[in-house]
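**Q** What follows is a predicted structure for the sequence shown.
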Amino acid sequence: MKKKIVAIVYGIMIAALAVAFFQNREGHVAHKINNADGTYSGSLTLGTASSTGTFYYVGAAIGNAVSKVVPINVNVQATSGSNENISMTLNHDIDLGMANCDSIYSAYHGTMSYKDAGPQEDLREVASLYQSQLHIFTTESSGITDISQLKGKKVCIGSQGTSYLFINQKILNDYGITMDDIHPYYMNYSESAEALANGDIDAAFQTGGYPIAGIQQSAATTEFRMLPISENVIQGIIDEFPFINETTIPADVYEHQSNEFEVKTLGYSTTIFCSKDADEDLIYSFAKGMLESLDTYQNTNDATRQITPETIATPHIPIHEGALRYYREIGVAKEGGE
């Protein structure tokens, strides 16, 4: 009996030591447990965005699927979006974050909204997921059909704390509209769509993989119109920001969408990232779980249907060593991302 008690106590001590060992230099527990048989298990927290946005739905689908095929429990957390996820990841408040590629690219290189903060070179990419589309939308009843008509209007230019605010302002500037020419508002997906439906604002800029749930909810009762971006403005943006591409929003994505034809807009790759000192084994297992469970979440929505083994390993900044190790094993690794 004494031997059994001693063995239990000893096991508890070993487990405690294992947890302590995997604390990083900031004192944050990496949620990894080494098992007696040489295997390991653990948990990771994934920061997404508003619970009515595509990030959250996709993050929840991936997290649930990964947890079923590898010994890692993925906890999905709602946040304000890309920039908060970057801050929380670097502060080790979360283990993984979702962000559009403009956010992690500008943070890593210290450009755009990160110009004052400087390069955040501890960031590492884990996976590239799908295209998010810039939605510039208004109500059909507003009579607005072109971005140039937004001068003097009440415009939501995005969610506070997102790096694509910089791009949205540049688009307005390219149409000859400054921030002084509009009444700017900062709202999330559902807030801006609801404000449009209620007549509280005239137009909104939001970026997400279509259909964005927050917009979809209001589109069930309100007729929305997506505003196209002109070809010359799109090309000017792409020339300056190579991580952005031209894409379209189909005419029938939302229930009461008044567009007769697809709308030209900007596309951003959505990524999952971590800090460079995230545990290599846990990140390896997460990347492995994403691909091994792809069939179970790929048909969640239009966004997840874009995810393939080839797109997952496409870097915008350096890939974390744990994820890169797995991608090399299965032959899809793409070096680069500097």
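**A** Noted; the coordinates are in hand. Residues are numbered from 1 along each chain as shown.

**Q** Excluding covalently adjacent residues, which one is nearest to residue 246?
**A** The spatially closest residue to residue 246, leaving aside those adjacent along the chain, is residue 234, at 5.1 Å (CB to CB, 6 or more residues apart in numbering). Every C-beta, even on glycine, is put in place using the N, C-alpha and C of the backbone.

**Q** so what's the one you found up against?
**A** By CB atoms under 8 Å, 6 or more residues apart in numbering, residue 234 lies in contact with 246, 264-266.

**Q** switch to 10 Å and redo it
**A** Contacts here follow CB atoms under 10 Å, 6 or more residues apart in numbering; on that basis residue 234 touches 171, 174, 228, 244-247, 264-267.

**Q** filter those to the buried ones?
**A** 171, 174, 228, 244, 247, 264-267 (16 or more other CB atoms under 10 Å).

**Q** can you redo these as CSV with pLDDT?
**A** Supplementary listing: these in CSV, determined by pLDDT from 0 to 100:
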residue, pLDDT
171, 97
174, 97
228, 97
244, 91
247, 94
264, 97
265, 97
266, 96
267, 93
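
**Q** low-scoring stretches of this structure, by residue?
**A** Within the chain, the stretches falling below the threshold (pLDDT under 70) are 1-30, 36-39, 161, 335-338.

**Q** what's the closest of the contacts of residue 234 to residue 216?
**A** For the contacts of residue 234, the minimum distance to residue 216 (CB to CB) is 17.1 Å, reached by residue 265.

**Q** What strand or helix carries the closest one?
**A** Residue 265 is part of strand 263-275 when elements are defined by DSSP states H and E.

**Q** Partner strands of that strand, with direction?
**A** In the sheet containing strand 263-275, the strands it pairs with under DSSP bridges are strand 96-100 (antiparallel), strand 123-139 (antiparallel), strand 244-249 (antiparallel).

**Q** Correct me if wrong: residue 220 contacts residue 257.
**A** No: using CB atoms under 10 Å, residue 220 makes no contact with residue 257, being 11.2 Å away.

**Q** Of those two, which one has the most company?
**A** A side-by-side neighbour count of residue 220 and residue 257, using other CB atoms under 10 Å, places residue 257 first with 21 against 10.

**Q** Now do the contacts for the more buried one.
**A** By CB under 10 Å, 6+ apart, the contact list for residue 257 reads 137, 140, 211, 215, 219, 223-226, 249-251, 263.

**Q** Is it possible to mark the buried ones in these?
**A** Among those, those buried by neighbour count (16+ other CB under 10 Å) are 137, 211, 215, 219, 224-226, 249-250, 263.

**Q** right, and out of these, which lies closest to residue 66?
**A** Among those, and counting by CB to CB, the member closest to residue 66 is residue 211, at 23.9 Å.

**Q** sec struct for the closest one, please.
**A** Three states are possible here, and by DSSP: H, G, I helix; E, B strand; the rest coil the one that applies to residue 211 is coil.

**Q** need the contact list for residue 201.
**A** Contact analysis of residue 201 by CB under 10 Å, 6+ apart lists 138-139, 142, 153-156, 183-185, 187, 191-195.

**Q** which of these count as buried?
**A** Using 16+ other CB under 10 Å as the threshold, 138-139, 142, 153-156, 184-185, 187, 191-195 are the buried ones among those.

**Q** Let's see which of the residues you listed end up in strands.
**A** Secondary structure of those is defined by DSSP state E; positions in strands are 138-139, 154-156, 184-185.

**Q** I'd assumed residue 84 was in contact with residue 188.
**A** No: look at residue 188 against residue 84 with CB under 10 Å: they stay out of range, at 11.9 Å.

**Q** before we move on, which element is residue 334 in?
**A** Secondary structure here is read from DSSP H and E; on that basis residue 334 sits in neither a helix nor a strand.

**Q** Isn't it up against residue 318?
**A** No: Residue 334 is not in contact with residue 318 according to CB under 10 Å; the separation is 11.4 Å.

**Q** intersection of neighbour lists for the two?
**A** Between them, residue 334 and residue 318 share the contacting residues residue 324, judged by CB under 10 Å, 6+ apart.

**Q** quick one: which of these two has more around it?
**A** Under the criterion of other CB under 10 Å, the comparison of residue 334 against residue 318 puts residue 318 first, with 17 against 14.
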